[in-house]
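**Q** need a structure here:
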Amino acid sequence: MIKDTVPGRYWHTLDDGRIQCDLCPRYCHLKNDGQRGLCFVRARQGDELVLTTYGRSSGFCVDPIEKKPLNHFLPGTPVFSFGTAGCNLACKFCQNWDISKSREIDTLAASASPELIAKTAERLGCRSVAYTYNDPVIFLEYAVDTAKACREHGLKSVAVTAGYICEEPRREFYSYMDAANVDLKAFSEDFYHKLTGGHLQPVLDTLEYIHNETDCWLEVTTLLIPGHNDTDAELHRLAEWYLDRLGPDVPLHFSAFHPDYKMTDVPPTPPATLQRARKIALDAGLHYVYVGNVHDAQGDSTYCPGCGKRVIERDWYQLGEWQLTAGGHCAHCGHRIAGVFDERPGTWGARRLPVSMHEAVEHSGP
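**A** Numbering: from 1, shown residues only. So this is what the prediction gives:
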């Protein structure tokens, strides 16, 4: 049986009777019964905080792992993807606003227990399950329970997140994640304050924590928005911090913005901007820098830092030439390519397979 509402973790009662949510740095204060935090899914119920969307989803789909995007984590394999609704940031440029900003219960029409998700992902031949579409931080209890079930079925867990989370829940959440792509939305506190309603430093803290304190494979994405976070000066600062704090081997993705939500007056990101950003990051010393949301086979492919030759060819989400030997070494010079690699790549390709959990129940068995 799936319960929509379960007790939430990471909160405490203030002296004046209000409940403070301690999951993310927003620290929402909930005074009245039924009041929700900004994320929409965490609410006060009586004298406790609850998660209101446990076991409910905005949809399920099998994607290529490269779509998350993760280029160095089990390339070519299928990943079972799902999300819920709501978000703990208020990005004016949200590219997935119909889900992350949803306040409609119809968005959560699909439902599945953690065990059913794991069984279905395994039956469909997936190597991993991704908590995505909206930020899994806000449905931490559901994500962690699903990750536990996935481990029992030999599946990896992948978080696609903005990294906006407090220290204690961060430790729990990432102890169950095998890979993460974290959005670094800009390298400016002013940008975070004005365009996301959040702050930059907690995200930087999350990035350093994942890289330095966990075994979770990390990749990072920055959506480049013309006129807002794409100057040479900001990109140089980002690359310098990245090299100093995360090192050269954490892949960085620069992704193209498309006008959406509350920023329809901003033009799409020109491909030249992505190429300029990629060059700045590579020149700064980063080894693996990619472009996304545009067709750029060169910017999608992986090159060996040792000899400069292409070791993984990508065209959108389709893999081509594969020049890695066992253990993820360059077939040309033997340099170890950072990442989590099988001996051979997967063959899922660019397919997207929507999944009906009603049908999955019939296949799940006892």
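**Q** tell me which strands and helices the helix or strand where Q20 lies is in contact with?
**A** Secondary structure assignment for Q20, by DSSP states H and E: strand 19-21. Counting contacts by 3 or more C-beta pairs under 8 Å, 6 or more residues apart in numbering; DSSP states H and E, strand 19-21 is packed against strand 11-13, strand 29-30, strand 48-51. Glycine gets a C-beta too; all of them are placed from N, C-alpha and C.
**Q** rerun that using 10 Å as the cut-off
**A** Contacts defined by 3 or more C-beta pairs under 10 Å, 6 or more residues apart in numbering; DSSP states H and E place strand 19-21 against strand 11-13, strand 29-30, strand 42-45, strand 48-51.
**Q** what about that strand, average pLDDT?
**A** In this model, strand 19-21 carries a mean pLDDT of 98.
**Q** quick one on the thing from earlier: of all the helices and strands packed on strand 19-21, which one comes closest to K194?
**A** Nearest of the helices and strands packed on strand 19-21 to K194, taken as C-beta to C-beta: strand 29-30 at 22.7 Å.
**Q** Save the helices and strands packed on strand 19-21 as CSV, and put in distance to A338 and mean neighbour count too.
**A** Output for those, formatted as CSV (distance: least, C-beta to C-beta, whole Å; neighbours: other C-beta atoms under 10 Å):
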stretch, distance to A338, mean neighbour count
strand 11-13, 38, 14
strand 29-30, 42, 17
strand 42-45, 36, 22
strand 48-51, 35, 20
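**Q** would you turn those strands into a markdown table with distance to T120 and mean pLDDT?
**A** Formatted as a markdown table, the helices and strands packed on strand 19-21 follow (distance: least, C-beta to C-beta, whole Å; pLDDT from 0 to 100):
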| stretch | distance to T120 | mean pLDDT |
| --- | --- | --- |
| strand 11-13 | 32 | 98 |
| strand 29-30 | 34 | 98 |
| strand 42-45 | 26 | 96 |
| strand 48-51 | 22 | 97 |
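**Q** Those into a markdown table, with extra columns for distance to G327?
**A** A markdown table is the format used below for the helices and strands packed on strand 19-21 (distance: least, C-beta to C-beta, whole Å):
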| stretch | distance to G327 |
| --- | --- |
| strand 11-13 | 45 |
| strand 29-30 | 50 |
| strand 42-45 | 43 |
| strand 48-51 | 41 |
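**Q** just the strands in the stretch 251-366 of the chain please.
**A** Remark: strands assigned in the stretch 251-366 of the chain by DSSP state E, counting those that start in this stretch are 252-256, 289-292, 302-303, 310-315, 318-322, 324-325, 329-330, 353-355.
**Q** Save the ones you listed as a markdown table, and put in mean pLDDT, distance to C216 and mean neighbour count too.
**A** Output for the strands of the stretch 251-366 of the chain, formatted as a markdown table (pLDDT from 0 to 100; distance: least, C-beta to C-beta, whole Å; neighbours: other C-beta atoms under 10 Å):
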| stretch | mean pLDDT | distance to C216 | mean neighbour count |
| --- | --- | --- | --- |
| strand 252-256 | 97 | 16 | 23 |
| strand 289-292 | 97 | 19 | 22 |
| strand 302-303 | 98 | 20 | 21 |
| strand 310-315 | 97 | 21 | 20 |
| strand 318-322 | 97 | 23 | 15 |
| strand 324-325 | 96 | 21 | 18 |
| strand 329-330 | 98 | 22 | 20 |
| strand 353-355 | 94 | 25 | 14 |
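**Q** outside of the strand holding Q20, which residues touch it?
**A** 8, 10-14, 27-31, 35-39, 42-49, 88, 138, 166 (C-beta atoms under 10 Å, 6 or more residues apart in numbering).
**Q** Please name the strands paired to that strand in the sheet, noting orientation.
**A** Partners of strand 19-21 in the sheet, by DSSP bridges, are strand 11-13 (antiparallel), strand 29-30 (antiparallel).
**Q** what are the bridge partners for the closest residue to G349 other than its chain neighbours, then?
**A** Once flanking residues are discounted, G349 sits nearest to Q318: 5.5 Å by C-beta to C-beta, 6 or more residues apart in numbering. For Q318, the beta-bridge partners are D315 (DSSP bridges).
**Q** looking at this, V144 is in a helix?
**A** Yes: according to DSSP: H, G, I helix; E, B strand; the rest coil, V144 belongs to a helix.
**Q** Pick out the residue closest to the middle of this structure.
**A** Closest residue to the average C-alpha location of the chain: V160 at 1.1 Å, with C-alpha atoms, centre = their mean.
**Q** Show me where the stretch 201-350 of the chain has its helices.
**A** Using DSSP state H, counting those that start in this stretch, the helices of the stretch 201-350 of the chain run over 201-213, 232-245, 271-284, 297-300.
**Q** for this structure, which strand is longest?
**A** strand 217-224 (DSSP state E).
**Q** Could the C-alpha coordinates of that one be exported in PDB?
**A** The C-alpha coordinates for strand 217-224 follow below in PDB (Å, rounded to 0.1, in the frame of the first residue of the first chain):
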ATOM      1  CA  TRP A 217      30.200  10.200  -8.900                       C
ATOM      2  CA  LEU A 218      29.700  13.900  -9.600                       C
ATOM      3  CA  GLU A 219      29.000  15.900 -12.800                       C
ATOM      4  CA  VAL A 220      27.900  19.500 -12.900                       C
ATOM      5  CA  THR A 221      25.700  21.500 -15.300                       C
ATOM      6  CA  THR A 222      25.500  25.300 -15.800                       C
ATOM      7  CA  LEU A 223      22.600  26.600 -18.000                       C
ATOM      8  CA  LEU A 224      24.000  29.600 -19.800                       C
END
